[in-house]
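[1] Provided below for reference: sequence and predicted model.
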Amino acid sequence: MKGGAFDHIVVGGGSAGCVLASRLSEDPDCRVLLLEAGGSGVTPFHRAPAANGFLFNRPAYDWGFYSTPQPELGGRRICYPRGKALGGSSGLNGMIYIRGNAMDYDLWRQGGLEGWGYADVLPYFRRSEGSHRGDGLYHGGDGPVRTSRSANFGPMEEAFVAAARESGIPRNDDFNGPVQHGAGIIDVTVAGGRRMSAVDSYVTPARRRGNLTILTGAHVLGLVIEGLRARGVRYRRNGVVESARADGEVLLALGAFGSPQALMLSGVGPADRLRSLGIGVVADLPGVGGNLRDHPDVCVQCQSLKPELSLARYQRLGPALSLGLDYVLRRKGPGASPFWGAIAFAPGPSSDERPDYQVFLTPMVLIENPGDAVDRTPREPWYDTGRIGRALFMRGKHAMAGLQLDVNLMRPESRGAVRLASADPMAPPLIDPNYLGEAADRTALVAAVGLARDILGQPAFADMKGAELAPGPDVRGDESLLDYVRATATTGHHPVGTCGMGADRDAGAVVGPDLKVRGIEGLRVVDASAMPAITSGNTNAPVMMIAEKAADMVRGLPPLPRAELPSEAA
């Protein structure tokens, strides 16, 4: 069928694309083509939970996008790891399974997006999840995405949860249940010691279907639009330009960076900018590429009085080989789960019921941009992972024994944009998240440092936490803390919104509640870019939910019945 005709073409094999390809091909009479520019996504490094750091900044596995220089971050460019394979970023993310807050979706619905309230989307979350908790009101027991409790929950994680309680944050053992606030162990997309990426959860079981064609190494050049209808896709594979035709729909699932780029390359976007690049305008949609949201991240880092508890020890060659051998032979040990085991959702300055901050405990100190980072001294011999560890296991990073609290701001007011650098489809897009562009975000991230310090200063951490490495004990006062935030803040790895959903009255919306692109027939956007606003927490589970719901729309199936929720969660 290569280069031929299909009922539906799914452009992008990330989390959303894998869901769409699997669900649409359940109909044996429906011919589905899935195009992915990267590789298979089923290497040992993709499947071993502790190996995700190995994939970062390696061109074979990671697109390695960078932002434009950020004025409020001292001109720094922020690195965005993005999965370059089937499964997309679900193959290299932290595997944390968080859906967001019920109010996130209820506000979507109140804004005119009928069918997107929490009671509407919960059945799709449940359909996708195979939870260790079993089937219930908030969880699905037999869905394709199997989840488990993080296995890396030890003394440092227990101290974090206890310290959070001492600071006024209650314990919560299910962040995807009726209440999101609190601190506790996380659910992760891991089963039997293996990462459950979208490719393993959805595509691998569907590979034998004769109606599903999967092409990897296929870089999309643009959409084929005849009149005002999407008819197919042009792509380059093995150096040859080919095209495929869709008798039904073309479904863009390239993510918050790739989907607006593909639309604009095809003449769908802000007319003036397209003309300035010599691109013919098919549909003037000013909202394409705008409304970029992300969770900005700031951290507090400390030495550890018990360095033997830090997972940084596995960045050295000997312990790493031991970890790997234990994983290969038994699927056990720290390598069988992500390094993250505990988080907290905490209130802040907002007045609604949603948390303002998500706090992550990392049982080591990480410096993701060594050239930009502040000095972390002193460095006793056991702090440094060594050149071998940095080269083999933490490429582009530096790791030390210690403990680190990262705080993500859940609802930043700053909005950025994705634009074309040129009309060349192979050129990376221009990504401007506009971090700290709004004063409220600057104030909130300064407060986030205070929140992390408050947790770290509780009695539960007294025998575990050593000296503060960053910002450092001498960094006090809002002005000094803001300087630190500007010098170190980075991405929370959750970009969304660049082809946002909106009601008919929303002038900046790119797609409607049915995810159809305005003004173009036969074309939908199904991925994180369609979110009208960012959700409270990690975004992988919401992306898969969106694709589950979209698959029913494309197939013409009625939506799943709304969940019957207690009044306090409805």
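    Sure thing, it's come through. Residues are numbered from 1 along each chain as shown.

[2] just the strands in the stretch 101-250 of the chain please.
    Counting by DSSP state E, counting those that start in this stretch, the stretch 101-250 of the chain has strands at residues 129-130, 145-146, 148-149, 182-185, 187-188, 190-191, 194-195, 212-215, 218-226, 229-237, 240-252.

[3] run through who's touching the longest helix along the chain.
    Longest helix of the chain, by residue count under DSSP state H: helix 439-456. Applying C-beta atoms under 8 Å, 6 or more residues apart in numbering, the external contacts of helix 439-456 come out as 72, 160, 163-164, 167, 169, 296, 298-300, 302, 344, 346, 348-349, 356-357, 359, 403, 405, 407, 409, 412-414, 435-436, 461, 465, 468, 471, 478, 481-482, 484-485, 489. In this view, the C-beta of every residue, glycine as well, is placed from N, C-alpha and C.

[4] pLDDT (mean, whole number) over it?
    Average pLDDT, helix 439-456: 98.

[5] can you tell me the closest non-neighbouring residue to residue 150?
    residue 341 (4.2 Å; C-beta to C-beta, 6 or more residues apart in numbering).

[6] that older thread, redo the strands of the stretch 101-250 of the chain as a markdown table? Include mean pLDDT.
    Putting these into a markdown table (pLDDT from 0 to 100) gives the following:
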| stretch | mean pLDDT |
| --- | --- |
| strand 129-130 | 98 |
| strand 145-146 | 98 |
| strand 148-149 | 96 |
| strand 182-185 | 97 |
| strand 187-188 | 97 |
| strand 190-191 | 96 |
| strand 194-195 | 94 |
| strand 212-215 | 98 |
| strand 218-226 | 97 |
| strand 229-237 | 98 |
| strand 240-252 | 97 |
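
[7] of all those, which lies closest to residue 102?
    Residue 102 lies closest to strand 182-185 among the strands of the stretch 101-250 of the chain, at 14.7 Å (C-beta to C-beta).

[8] other SSEs contacting that closest one?
    Judged by 3 or more C-beta pairs under 8 Å, 6 or more residues apart in numbering; DSSP states H and E, the packing partners of strand 182-185 are helix 155-166, strand 342-346.

[9] among the ones you listed, which is the most enclosed?
    Burial of those is given as mean neighbour count (mean count of other C-beta atoms under 10 Å); strand 342-346 ranks first at a mean of 26.

[10] report all helices and strands that that one contacts.
    Against strand 342-346 (3+ C-beta pairs under 8 Å, 6+ apart) you get helix 155-166, strand 182-185, strand 357-362.

[11] got the CA positions of the shortest one in CSV?
    Written as CSV, here are the backbone C-alpha positions of strand 182-185 (Å, rounded to 0.1, in the frame of the first residue of the first chain):
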residue,chain,number,x,y,z
GLY,A,182,-1.1,15.8,48.6
ALA,A,183,2.2,13.9,48.6
GLY,A,184,2.8,10.2,48.0
ILE,A,185,4.1,7.4,45.8
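
[12] quick one: contacts of it?
    Taking C-beta under 8 Å, 6+ apart as the rule, strand 182-185 contacts 149-150, 153, 157, 160-161, 164-165, 169-175, 341-345, 359.

[13] pretty sure residue 277 contacts residue 424?
    No: if you go by C-beta atoms under 8 Å, residue 277 and residue 424 don't touch, sitting 9.5 Å apart.

[14] neighbour count winner among those two?
    Neighbour totals were compared for residue 277 and residue 424, and residue 277 leads with 14 against 11 (other C-beta atoms under 10 Å).

[15] and the angle from the longest helix of the chain to strand 357-362?
    Taking axes from the mean of the first three to the mean of the last three C-alpha atoms, to 10 degrees, helix 439-456 and strand 357-362 form an angle of 50 degrees between their directions.

[16] okay, the strands of the stretch 101-250 of the chain in JSON lines with mean neighbour count next?
    Shown next, in JSON lines, are the strands of the stretch 101-250 of the chain (neighbours: other C-beta atoms under 10 Å):
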{"stretch": "strand 129-130", "mean neighbour count": "24"}
{"stretch": "strand 145-146", "mean neighbour count": "24"}
{"stretch": "strand 148-149", "mean neighbour count": "19"}
{"stretch": "strand 182-185", "mean neighbour count": "23"}
{"stretch": "strand 187-188", "mean neighbour count": "24"}
{"stretch": "strand 190-191", "mean neighbour count": "19"}
{"stretch": "strand 194-195", "mean neighbour count": "22"}
{"stretch": "strand 212-215", "mean neighbour count": "20"}
{"stretch": "strand 218-226", "mean neighbour count": "19"}
{"stretch": "strand 229-237", "mean neighbour count": "20"}
{"stretch": "strand 240-252", "mean neighbour count": "20"}
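
[17] I'd like those as JSON lines, with distance to residue 506 appended.
    Shown next, in JSON lines, are the strands of the stretch 101-250 of the chain (distance: least, C-beta to C-beta, whole Å):
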{"stretch": "strand 129-130", "distance to residue 506": "31"}
{"stretch": "strand 145-146", "distance to residue 506": "31"}
{"stretch": "strand 148-149", "distance to residue 506": "39"}
{"stretch": "strand 182-185", "distance to residue 506": "34"}
{"stretch": "strand 187-188", "distance to residue 506": "34"}
{"stretch": "strand 190-191", "distance to residue 506": "38"}
{"stretch": "strand 194-195", "distance to residue 506": "37"}
{"stretch": "strand 212-215", "distance to residue 506": "35"}
{"stretch": "strand 218-226", "distance to residue 506": "23"}
{"stretch": "strand 229-237", "distance to residue 506": "22"}
{"stretch": "strand 240-252", "distance to residue 506": "19"}
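
[18] quick one, which of the ones you listed gets closest to residue 495.
    Across those, residue 495 has its closest neighbour in strand 240-252 (15.4 Å, C-beta to C-beta).

[19] which strands and helices sit next to the closest one?
    Here strand 240-252 touches strand 5-11, strand 32-35, strand 218-226, strand 229-237, helix 255-265, strand 523-525, helix 540-555, going by 3+ C-beta pairs under 8 Å, 6+ apart.

[20] what sits up against it?
    2-12, 17, 20, 30, 33, 35, 221, 223-224, 230-236, 259, 262-263, 499, 522-527, 550, 554.
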